[in-house]
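Student: sequence unavailable; structure follows:
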């Protein structure tokens, strides 16, 4: 241990880490800024339950009032019911978006007045009401139903929305920190002629690279620990499955996005240009990789495009092992893709690298 503390690698690592900690902007964008998004999403979604459908019951609706006990309980879990006598006023509320649907009964027919503004919710509402009508028809025959239905979620019952959001936000934070840090470091060292001085110093290139990688990995693991600690303490985040596989995923993901930063630093001629180019690469990738919202409803071509992005596989691997309860094998494919991407981009950055800006 003492030998390590007196080695060039240790001295360089400590110097780089101190430089990072003294740079308030770097600390803010690497740690504080992503945590602001976690707090924002956690505050909005942390305890969010599935919202009920706002339903206005116009006058007497015997079909609803006469539902069996179990069906009545399910109806109350699905709909937030408001009673009204004025049909025109109820329809106006639906038209303005203050309610989702207004129902009335005309003889043996249940009539639902809905707005097409939210087409998905309108379809769900109609399907749900139709199911209750079918159930009432079966009950009216006096015969027990032939079939029954039960719904069971495949994830742990304790999972909340914030647990699905955290891996994506963490992936974006790691990608942003690694890419921006390596881009700014490479270009900053090149502009200040530090690279040339280090080249002449009695320190091997491998030692310099290893020290920079070690500090970047340390920052990434710090982000992982802070995210998980804040999520658990403030929003009830719980980890499932082989969550510890997030550690190698973060390590390989960090190397992957360091490579992207190195490419940005090799292409740009100024520190500002390198950071802007890294931002140009990482920020759209975050939106297209599901860091902020799922892509399930996106067009097929956009989902295929996202499959080409390393952050998509990083987020997917983190989600599998941290939330979906998958085993270690679920992380192997993302690890391979991220490692391959890191190797290819690093070789490309090395090919384009110049010791001096022209």
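Tutor: That came in fine, so what should we check first? Note that this is a predicted model, so its numbers are computed, not measured.
Student: list the contacts of the residue most central in space within the chain.
Tutor: The chain has residue 168 as the residue nearest its centroid, 2.6 Å off, counting by Cα atoms, centre = their mean. By Cβ atoms under 8 Å, 6 or more residues apart in numbering, the contact set of residue 168 is 289, 290, 291, 292, 315, 318, 319. Just so you know, the C-beta spots here come from the backbone N, C-alpha and C atoms, and that holds for glycine as well.
Student: got the confidence number for the second one?
Tutor: pLDDT for residue 290: 84.
Student: so where do the helices sit in the stretch 101-250 of the chain?
Tutor: 119-141, 161-191, 194-200, 205-235, 246-267 (DSSP state H, counting those that start in this stretch).
Student: go through those and name the closest to residue 351.
Tutor: Minimum separation from residue 351 across the helices of the stretch 101-250 of the chain (Cβ to Cβ) falls at helix 246-267, 8.4 Å.
Student: name the helices or strands packed onto the closest one?
Tutor: The contact analysis (3 or more Cβ pairs under 8 Å, 6 or more residues apart in numbering; DSSP states H and E) places helix 246-267 against helix 161-191, helix 205-235, helix 271-288, helix 310-322, helix 332-352.
Student: tell me the buried residues in that helix?
Tutor: 246, 248-267 (16 or more other Cβ atoms under 10 Å).
Student: off-centre distance for that helix?
Tutor: 18 Å (Cα atoms, centre = their mean, to the nearest Å).
Student: check stretch 75-89 too.
Tutor: 36 Å.
Student: which residues are contacting stretch 249-260?
Tutor: 170-171, 174-176, 178-179, 181-182, 213, 216-217, 220-221, 223-224, 278, 281-282, 310-311, 314, 317-318, 321, 331, 334-335, 338-339, 341-343, 345-346, 349.
Student: filter the residues you listed down to just the buried residues.
Tutor: 170-171, 174-176, 178-179, 181-182, 213, 216-217, 220, 223-224, 278, 281-282, 310-311, 314, 317-318, 321, 331, 334-335, 338, 341-342, 345-346, 349.
Student: ok, back up a step: any chance of the helices and strands packed on helix 246-267 in TSV with distance to residue 24 as columns?
Tutor: Shown next, in TSV, are the helices and strands packed on helix 246-267 (distance: least, Cβ to Cβ, whole Å):
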stretch	distance to residue 24
helix 161-191	14
helix 205-235	15
helix 271-288	15
helix 310-322	26
helix 332-352	28
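Student: thinking again about what came up before, how about the residue nearest to the centre of the chain: what's its closest non-neighbour residue?
Tutor: residue 291 (4.1 Å; Cβ to Cβ, 6 or more residues apart in numbering).
Student: tell me the SS of residue 57?
Tutor: strand (DSSP: H, G, I helix; E, B strand; the rest coil).
Student: ok, what's across the strand from it?
Tutor: residue 83, residue 103 (DSSP bridges).
Student: how about it, what does it touch?
Tutor: 64, 81, 82, 83, 84, 102, 103, 104.
Student: swap the cut-off to 7 Å and go again
Tutor: 64, 81, 83, 103 (Cβ atoms under 7 Å, 6 or more residues apart in numbering).
Student: which intervals of the stretch 1-150 of the chain have sub-threshold pLDDT?
Tutor: 1-6, 43-51, 142, 144-150 (pLDDT under 70).
Student: ranges for the strands of it?
Tutor: Under the criterion DSSP state E, counting those that start in this stretch, the stretch 1-150 of the chain contains strands at 53-58, 79-84, 101-106, 109-114.
Student: so which bits of the last one are buried?
Tutor: The one in question is strand 109-114. For strand 109-114, by 16+ other Cβ under 10 Å, it's 110, 112, 113, 114.
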